[in-house]
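> just the structure for this:
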Amino acid sequence: MKKYYSNLVNKKATANASWLVVEKLITMMLVLIASVLIARHLGPDDYGRLSYLISIVALLAPFSTLGLNGIVIKEFVVKSDKQDMVLSTSLIMRLIGGSISCVALFFVVWLGEIQHLEDYIWGLALLSFVNIFTAFHVIDCWFQSIVSSKYIVWTRLSVLLLMFTVKVILVVLDKGLTSFIIAVAIESLLISLGFALLYYGFVTKIKIFEAKFNYGLKLLKQSRWLIFSGFASIINLKIDQVMLGTLVSVEEVGIYSVASKLSEVWYFFPVALVTSFFPSLLNKKKTSESQYESSLQRLCDVLFLSAFVVAILVTFFGEFIISILFGSDYLASIPILIIHIWASIFVFMRALLSKWLIAEEILHFSLLSHGIGAVVNVVLNLILIPVYMGIGAATASVVSYAMASYFCLFLYPKTRVMAKIMTKSIILPVRLNGYLRGVR
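Sure thing, here's the model as predicted:
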């Protein structure tokens with residue numbers, strides 16, 4: 001009976017992962033097509049300014065999520081009879097966090113610390129305000145906890161298809177940067193509202209008054225390390241574009257954005273896969289430590305192999321891809337892409353590490369690792385960007401991801417288990433060769 005239940009859980013997780021992967025494949029295709037059209041239409045300068053705006057607002061994300069995603073999924077699983085309290089409490093907390101971060105950004109703008117935006121400060125205000133409503137993404141966590149993400153997939157894809165059509169129309173009508181800033185804001189808002197309507201339609205209305213202050217403080221205490229580590233993580237992901245815009249120009253941001261877009265568009269896969277199998281991993285940890293570690297190794301192997309194949313393909317075909325898709329205005333993106341794509345090796349495995357830290361309750365290490373990565377990234381950017389511009393930023397990204405996602409694991413005894421798992425994945429070709437020889 002136990003084996004049957006385990007197989008049933010795995011099948012459900014696999015089906016759920018399939019939904020997420022299919023969604024992300026479609027998303028990847030539509031985002032890439034939209035990026036190509038918009039980049040060609042706006043040119044490196046305005047496309048760089050749009051990317052610069054989005055990157056600045058992205059720095060607010062950790063204060064909007066409060067590091068609660070993984071913890072809330074776990075709470076939904078453990079406290080299945082108190083979902084209203086978990087949902088409403090985490091929602092209120094995220095709304096407050098998003099509002100505070102929005103006000104903080106306005107203060108930074110008022111001090112004149114944001115460079116090269118000229119007449120588009122209003123765009124920064126609009127995008128940061130809309131960011132507050134991403135608090136409703138906590139509903140996604142509930143669907144993940146019951147391993148039923150297909151409804152979330154339908155909602156996101158519906159909005160994405162609608163806004164993809166709108167963006168294509170804007171390109172055809174020869175609209176300027178202003179229209180695309182508004183389109184990005186509307187897309188974010190529609191996804192958030194779509195999640196709220198989805199929960200209301202399939203479950204019940206959100207019971208705000210079920211929120212518990214003391215429980216909220218308990219959640220915040222658990223996630224305190226993840227808030228700062230999330231901020232350090234987003235620094236690793238977006239600070240390169242912000243620093244390029246500040247130290248060089250928005251045009252250089254446009255050149256770099258094309259390369260990073262082609263590199264980061266693959267990041268959906270590890271998140272979708274690990275997110276879907278996280279509840280299953282939690283259940284295996286309760287029942288069998290050996291099965292738990294075996295599942296971790298298999299999942300890490302899949303993540304590494306996937307990233308390695310992507311990196312090889314992009315390295316060999318990157319020049320062709322950029323030339324065909326983006327044209328001669330973006331040829332300077334080619335060497336940046338060839339360097340940046342190798343960060344995916346560590347980004348893919350980091351997706352598993354992040355969930356493992358939650359399962360093992362070693363959340364403070366998330367802050368330590370991301371913090372070291374962020375410091376390395378900023379320092380290297382300060383050194384390399386003035387000399388090598390986009391190539392320097394790409395190099396800094398690869399080194400910082402490697403530090404944050406792999407080398408840091410050897411510093412702390414409790415995380416050396418995952419260091420061993422990742423190392424075995426990195427030498428996967430050697431392991432496979434040994435296995436094949438043994439078969440012969």
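
> thought Ile38 was touching Phe180, still the case?
Yes. Between Phe180 and Ile38 there is a contact at 6.2 Å, judged by Cβ atoms under 8 Å. The way it works is simple: take the backbone N, C-alpha and C, and place the C-beta from them, glycine included.

> intersection of neighbour lists for the two?
Taking Cβ atoms under 8 Å, 6 or more residues apart in numbering as the contact definition, Phe180 and Ile38 share the neighbouring residues 50, 167.

> so where's the stretch 1-150 of the chain uncertain?
Counting by pLDDT under 70, the stretch 1-150 of the chain shows low-confidence ranges at 1-20, 79-81, 111-116, 146-149.

> show me where it has its strands.
Listed in chain order, the strands found in the stretch 1-150 of the chain under DSSP state E, counting those that start in this stretch amount to none.

> quick one: which of Phe180 and Ile38 has more around it?
Between Phe180 and Ile38, counting by other Cβ atoms under 10 Å, Phe180 is the more crowded of the two (24 against 21).

> now do the contacts for that one.
Contacts of Phe180 were listed using Cβ under 8 Å, 6+ apart, and they are 38, 42, 50, 167, 170.

> equivalent analysis for Leu281, please.
Neighbouring residues of Leu281 by Cβ under 8 Å, 6+ apart: 292, 295-296, 299, 355, 359.

> ok, it to Tyr412 distance?
Distance, Leu281 to Tyr412, using Cβ to Cβ, to the nearest Å: 21 Å.

> related to what we said a few turns ago, export the contacts of Leu281 as TSV, with columns for neighbour count.
TSV is the format used below for the contacts of Leu281 (neighbours: other Cβ atoms under 10 Å):
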residue	neighbour count
Tyr292	19
Ser295	17
Leu296	24
Leu299	23
Lys355	22
Ala359	16
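
> could these go into a markdown table alongside secondary structure, pLDDT and distance to Val108?
Compiled in a markdown table, the contacts of Leu281 are given as follows (DSSP: H, G, I helix; E, B strand; the rest coil; pLDDT from 0 to 100; distance: Cβ to Cβ, whole Å):
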| residue | secondary structure | pLDDT | distance to Val108 |
| --- | --- | --- | --- |
| Tyr292 | helix | 83 | 44 |
| Ser295 | helix | 85 | 44 |
| Leu296 | helix | 89 | 41 |
| Leu299 | helix | 91 | 40 |
| Lys355 | helix | 87 | 32 |
| Ala359 | helix | 84 | 36 |
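
> can you tell me which of those is nearest Val184?
Using Cβ to Cβ, the shortest approach to Val184 within the contacts of Leu281 belongs to Lys355, at 29.0 Å.

> excluding its backbone neighbours, what's nearest the closest one?
The spatial neighbour of Lys355 that comes closest, neighbours along the chain excluded (Cβ to Cβ, 6 or more residues apart in numbering), is Phe278 at 4.9 Å.

> returning to that earlier point: from the contacts of Leu281, which single one is nearest Trp110?
Each of the contacts of Leu281 was scored against Trp110 by Cβ to Cβ, and Lys355 proved nearest at 38.8 Å.

> any idea how far Ala402 is from the closest one?
20 Å.

> of the contacts of Phe180, just say which sits nearest to Gln83.
Lys167 (36.1 Å).

> check contacts around that closest one.
Taking Cβ under 8 Å, 6+ apart as the test, what Lys167 contacts is 34, 37-38, 180, 183.

> now for these, which pair is the farthest apart?
By the measure Cβ to Cβ, Leu37 and Ala183 form the most distant pair in those, at 12.1 Å.

> show me what contacts Val274?
299, 303, 351-352, 354-355.

> try 10 Å this time
Residues near Val274 by Cβ atoms under 10 Å, 6 or more residues apart in numbering: 17, 281, 299-300, 302-303, 348-356.

> just these: which are in strands?
Assignment to strands by DSSP state E places none of the contacts of Val274 there.

> before we move on, back to that, adding distance to Gly371, write the contacts of Lys167 out as CSV.
Listed next are these as CSV, based on distance: Cβ to Cβ, whole Å:
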residue, distance to Gly371
Ala34, 34
Leu37, 38
Ile38, 34
Phe180, 34
Ala183, 35
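
> and those residues, which of them are in helices?
Cross-referencing these with the helices (criterion: DSSP state H) gives 34, 37-38, 180, 183 as the overlap.

> re earlier: need the contacts of Leu281 in TSV with distance to Thr65, can you?
Shown next, in TSV, are these (distance: Cβ to Cβ, whole Å):
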residue	distance to Thr65
Tyr292	26
Ser295	26
Leu296	24
Leu299	23
Lys355	15
Ala359	19
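
> looking at these, which is nearest Gly201?
Closest to Gly201, out of all of the contacts of Leu281 and judged by Cβ to Cβ, is Lys355, at 29.1 Å.

> how deep is Ile181 tucked in, by neighbour count?
20.

> roughly how far apart are it and Phe143?
Using Cβ to Cβ, Ile181 is found at 30 Å from Phe143.

> what does Ala307 give?
The gap separating Ala307 from Phe143 is 27 Å, by Cβ to Cβ.

> check Ile71 too.
Applying Cβ to Cβ, the value for Ile71 to Phe143 is 16 Å.

> so which of these two has more stuff around it?
Phe143 (23 against 20).

> the more buried one reaches Phe195, doesn't it?
Yes. Taking Cβ atoms under 10 Å as the contact criterion, Phe143 and Phe195 are neighbours in contact, 9.0 Å apart.

> what touches both of these two?
151-152, 155.

> which one of those is nearest Phe63?
The nearest one, if we look at those relative to Phe63 and count by Cβ to Cβ, is Ile152, at 22.9 Å.

> return the distance of the helix or strand where that closest one lies from the chain's centre.
Here Ile152, judged by DSSP states H and E, is contained in helix 150-172. In this view, helix 150-172 has its centroid 19 Å away from the chain centroid, taken as Cα atoms, centre = their mean, to the nearest Å.

> how about it: buried residues?
151-153, 155-157, 159-160, 163-164, 166-167, 170-171 (16 or more other Cβ atoms under 10 Å).
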